[in-house]
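K.L.:
Quick check, what structure comes out for this input:
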Amino acid sequence: NYTEGKKVITKLKPEKLFYKTLKSDSIFSCEIIMWPRPFLSENSIKATNPLPNKNSKIYRIEDNKITFLKGNHIVEKSIIIPKNMQVEFEAGTELIFNKNRYLLSYSTVKMIGDKNNPITIKSTDGTGSGFTILQANHTSKLEYVNFDGLNTFDNNNWTLTGAVTFYESDVEISHCSFSNNHCEDALNIIRSKFRFKNSTIQNTPFDGFDADFCTGRVINCEFSNTQNDCLDFSGSNIEVLNSKIRNVGDKAISCGEKSEITIKEVEIEHANTAIASKDMSEVSVNEVVIENCKTAFASFQKKPEYGPAIINIKNYKVISTKNLSSTDNKSRITFKN
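P.N.:
Got it, this is the predicted structure:
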């Protein structure tokens, strides 16, 4: 009989919480973890790691503008940028985040490199604790930026899942690469509008691109060597167009939690499941080529609080794939034409 916002106080030290959902008679459980309240606000985290002083070889600060300077720089102290600043990176800037250092910005970032002088954000020891943009006021723009070898943000029990994260921060990404991350998601965008174009994600130990409660477009991108899901969408409205996906440990495109996804002119090769629709999601598929996968299309309900899912398919080609489709009792897959 839990009421939202109601505290539950006990002198006991429980290890698990048992509960039911409204649409199921099954009993579920989860572990209770004794975590202290994390630093969630800009002011509280700035108090522990304030923005470094203006006299830096890495950047210059003029009024409310911070410019990261061209050249190779080892970051000696984590960088936290407050709101209402203008943040720009010069073409040819290379920042190396080792020893758990990170960049966290509450302001929009403008990172415009070029083909011959890209911007590079990397970690050479695999501990760089992420590149994170939180609740920025305007749309960030990234062109010709390479993210390589980053881990995830973890500060005073505040832990994210992405090597690169945009949270409630709209972003346009073009001609960028995300490689060799050491955490759950190479790129995680949450509650944002985005455009992800002409870019690559490769060599990830878990998921490649995770978009939660987003509206966006993935256009002319390539994804390869992801050990778990390649594209993982939850509660989102997204188009995936003219893209290629190779060598995926689980699902090439996973659509869940009432997502509406359009997939057109996409090639998928070597995945466990090519396209999956879950939990009241509706996926439209047109002009796809699927090769050497275990299952081409799967539609099912996974979470008890949701319902069945749908895939509508036309103009497809499936090669050397064991199962064309898989559904549960209520979900459906429709082949048109």
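
K.L.:
Give me the helix or strand of the chain that scores worst on average pLDDT.
P.N.:
Ranked by mean pLDDT, DSSP states H and E, the helix or strand of the chain with the weakest confidence is helix 42-48, at a mean of 47.

K.L.:
just checking, next helix/strand downstream of that one?
P.N.:
strand 59-62 (DSSP states H and E).

K.L.:
And the next helix or strand past that following strand?
P.N.:
Next helix or strand after strand 59-62 toward the C-terminus (DSSP H and E): strand 65-68.

K.L.:
Need the residues that contact that next one.
P.N.:
58-61, 81, 85-90, 93, 95 (CB atoms under 8 Å, 6 or more residues apart in numbering). In this view, the C-beta of every residue, glycine as well, is placed from N, C-alpha and C.

K.L.:
Tell me which residues touch the closest residue to residue 295 other than its chain neighbours, please.
P.N.:
Computed as CB to CB, 6 or more residues apart in numbering, the closest residue to residue 295 that is not its neighbour in sequence is residue 323, at 4.3 Å. Contact analysis of residue 323 by CB under 8 Å, 6+ apart lists 294-296.

K.L.:
tell me which of these is nearest to residue 196?
P.N.:
residue 296 (24.0 Å; CB to CB).

K.L.:
hang on, that closest one is in a strand, isn't it?
P.N.:
Yes - membership of residue 296 in a strand is supported by DSSP: H, G, I helix; E, B strand; the rest coil.

K.L.:
can you count the residues close to it?
P.N.:
Residue 296 sits with 28 neighbouring residues when counted by other CB atoms under 10 Å.

K.L.:
ok so, going back, can you list the contacts of strand 65-68 in TSV and add distance to residue 13?
P.N.:
Shown next, in TSV, are the contacts of strand 65-68 (distance: CB to CB, whole Å):
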residue	distance to residue 13
58	47
59	48
60	52
61	49
81	41
85	45
86	50
87	45
88	51
89	49
90	54
93	50
95	44
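
K.L.:
Assign residue 305 to helix, strand or coil.
P.N.:
Taken by three-state DSSP, the conformation at residue 305 corresponds to coil.

K.L.:
How about it: what's its closest non-neighbour residue?
P.N.:
residue 21 (5.1 Å).

K.L.:
ok so the one you found is a helix residue?
P.N.:
No - assessed with three-state DSSP, residue 21 is coil; it does not lie in a helix.

K.L.:
what about it, neighbour count?
P.N.:
13.

K.L.:
cool, the one 4 residues further on as well?
P.N.:
Residues contacting residue 25 under the criterion other CB under 10 Å number 7.

K.L.:
Show me what secondary structure element comes after the longest strand seen in the chain.
P.N.:
Secondary structure assigned by DSSP state E gives strand 237-248 as the longest strand of the chain. The first helix or strand that comes after strand 237-248 along the chain, using DSSP H and E, is strand 251-256.

K.L.:
Identify all contacting residues around that next one.
P.N.:
Residues contacting strand 251-256 (CB under 8 Å, 6+ apart): 223, 229-235, 240, 245, 261, 263, 266, 268, 271-279, 281, 283, 293, 298, 302-303, 309.

K.L.:
how about the following helix or strand past it as PDB, C-alpha atoms only?
P.N.:
Toward the C-terminus, strand 251-256 is succeeded by strand 260-269 as the next helix or strand (DSSP H and E). Extracted in PDB, the C-alpha atoms of strand 260-269 (Å, rounded to 0.1, in the frame of the first residue of the first chain):
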ATOM      1  CA  GLU A 260       7.800   5.000 -31.700                       C
ATOM      2  CA  ILE A 261      10.700   4.100 -34.100                       C
ATOM      3  CA  THR A 262      11.100   4.400 -37.800                       C
ATOM      4  CA  ILE A 263      13.900   2.300 -39.500                       C
ATOM      5  CA  LYS A 264      14.600   2.900 -43.100                       C
ATOM      6  CA  GLU A 265      17.500   1.900 -45.500                       C
ATOM      7  CA  VAL A 266      19.400   0.200 -42.700                       C
ATOM      8  CA  GLU A 267      21.800  -2.700 -43.100                       C
ATOM      9  CA  ILE A 268      22.300  -5.100 -40.100                       C
ATOM     10  CA  GLU A 269      24.900  -7.900 -40.100                       C
END
